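# How does the following fold in three dimensions:
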Amino acid sequence: MLNTQQKTAKVMTKLGRHLTAEEVITVIEKQVNQPRTHRTVGSLYSMLHCLSSVSPPVINRLFMKVLSR
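All right, here's what the predicted structure looks like:
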């Protein structure tokens, strides 16, 4: 799906380039069996998602600024 987009955010490129088909399939299976609103795919994004819930907004903005370069 993302391969057909002409322009993508740099953050998506940095966070998504290490994904394997197996990781995506695992998350899809979990979602089918136990539906949730949000599911993270990939270890780096999962770690950043957990950190963003406990860190102050200033730190979150700094992470996004660094990843957007």
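
# For the rest of this, base every contact and every neighbour count on C-alpha atoms.
OK.

# how about the helices in the protein?
Remark: helices assigned in the chain by DSSP state H are 10-16, 21-33, 43-54, 57-67.

# Out of these, name the one with the poorest average pLDDT.
For the helices of the chain, the weakest mean pLDDT is recorded on helix 10-16, namely a mean of 66.

# The residue nearest to Ser46 when sequence neighbours are not counted and Ile25, how far apart?
Closest residue to Ser46 apart from its sequence neighbours, by Cα to Cα, 6 or more residues apart in numbering: Thr40 at 5.5 Å. Distance from Thr40 to Ile25, counting by Cα to Cα, to the nearest Å: 12 Å.

# again, but for Asn33
For Asn33 relative to Ile25 (Cα to Cα), the value is 12 Å.

# who's more crowded, the two?
Ile25 (12 against 9; other Cα atoms under 10 Å).

# Look up how far Val41 lies from the more buried one.
10 Å.

# do Lys10 as well
The value you get for Lys10 to Val41, if Cα to Cα is used, is 17 Å.

# If you count surrounding residues, which of those two has more?
Val41 (18 against 12).

# Backbone torsions only: list them for that one.
Main-chain dihedrals, Val41, degrees, to the nearest 10: phi -120, psi 130.

# contacting residues for it?
19, 23-24, 27 (Cα atoms under 8 Å, 6 or more residues apart in numbering).

# nearest to Val54, of those residues?
Distance to Val54, by Cα to Cα, is smallest for Val27 among the contacts of Val41, at 23.3 Å.

# if I read this right, the closest one contacts Arg39, doesn't it?
Yes: assessed by Cα atoms under 8 Å, Val27 is found in contact with Arg39 at 7.3 Å.

# what residue of the chain is the furthest out?
Ranked by distance from the centre of the chain (Cα atoms, centre = their mean), the top residue is Asn33, with 20.7 Å.

# Report the separation between that one and Thr26.
11 Å.

# Give me the common contacts of those two.
Counting by Cα under 8 Å, 6+ apart, nothing touches both Asn33 and Thr26.
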